[in-house]
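Participant: Next one to model:
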Amino acid sequence: MSTGLIITLIVAAAAVLALVLLLSGRLGGRPSVKRRFGPEYERTVAQHGGDAKAAERELRERLRRYGDVRQRPLAPEERERYSAQWAAVQERFVDSPVEAVAEADRLLDRLAEARGFPGGGFDERVSALSVHHPRRVQGLREVHAVAVLAREGQADTERLREALVHAHALYEDLTAPSADDRAAERTGGPADGPRDGGHGVRDGDRDLGRGGHGGPQHRGGPAGKLHTARTAHRHDAHRRGA
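Facilitator: Next comes the predicted model:
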């Protein structure tokens, strides 16, 4: 067998293998969508009753519609303003948890709009955010849903607290410098390069619902403040019952 024929056979075999991998979803298929969306992938599959193909069609459609969204940089004074507003939400939680969660819902919506995410409605904004902040977008869903339940008297203080902690994780993502912000700082104008892979900013840096720097043990952080608020509510309830 000639050397040329051997090379031809090797190339042909490699091409067949690549085609098989592509068709089986192992090359550019299911794992890439799952890897990009992380927990949002699992949530979407569950929403489709375990139908992974239907979930992937939905997620690819989101990528097609919102993958090119550029996150508008925040000016330093804008970051300071949003930081002050979020601090006010946390302080308000101590005495008025229902109102605080409702304001957190509105604040996240304003912040997402300021960052350039489309807002033709709640569902559209969530879909757009899920492409670029897939590991934190659930915080907006939760705080929005709990705010509605709280108005109807169907959410206790603990559930309100958890919703606000999860919402804070998305707030941090939206206010943290992104690839677009850094590009704008280098060029002195709006960024025009591609986003950072769609995984959001600082995903996984903190687990605000548990221990560590973002958990209840760190009393200076958001979860610590909400833990203090929860304790204050319990003490208040105890005094009323005494």
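Participant: give me the number of residues near R60?
Facilitator: R60 has 12 neighbours, counted by other C-beta atoms under 10 Å. Yep, even glycine has a C-beta here, placed from its N, CA and C like the rest.
Participant: right, and it touches S32 too?
Facilitator: No: using C-beta atoms under 8 Å, R60 is not in contact with S32, being 10.1 Å away.
Participant: gap between W86 and P73?
Facilitator: Distance of W86 to P73, given as C-beta to C-beta, to the nearest Å: 19 Å.
Participant: actually T3, not the one I wrote
Facilitator: Distance of T3 to P73, computed by C-beta to C-beta: 57 Å.
Participant: Do a quick rundown of the helices in the protein.
Facilitator: 3-23, 30-37, 39-47, 52-66, 76-95, 97-114, 122-132, 138-151, 157-175, 179-187, 222-241 (DSSP state H).
Participant: For those helices, give me TSV that also has mean pLDDT.
Facilitator: Shown next, in TSV, are the helices of the chain (pLDDT from 0 to 100):
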stretch	mean pLDDT
helix 3-23	64
helix 30-37	84
helix 39-47	97
helix 52-66	97
helix 76-95	97
helix 97-114	97
helix 122-132	96
helix 138-151	97
helix 157-175	97
helix 179-187	63
helix 222-241	47
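Participant: Tell me which of the ones you listed sits most buried.
Facilitator: helix 157-175 (a mean of 23; mean count of other C-beta atoms under 10 Å).
Participant: That one packs against which elements?
Facilitator: helix 76-95, helix 97-114, helix 138-151, helix 222-241 (3 or more C-beta pairs under 8 Å, 6 or more residues apart in numbering; DSSP states H and E).
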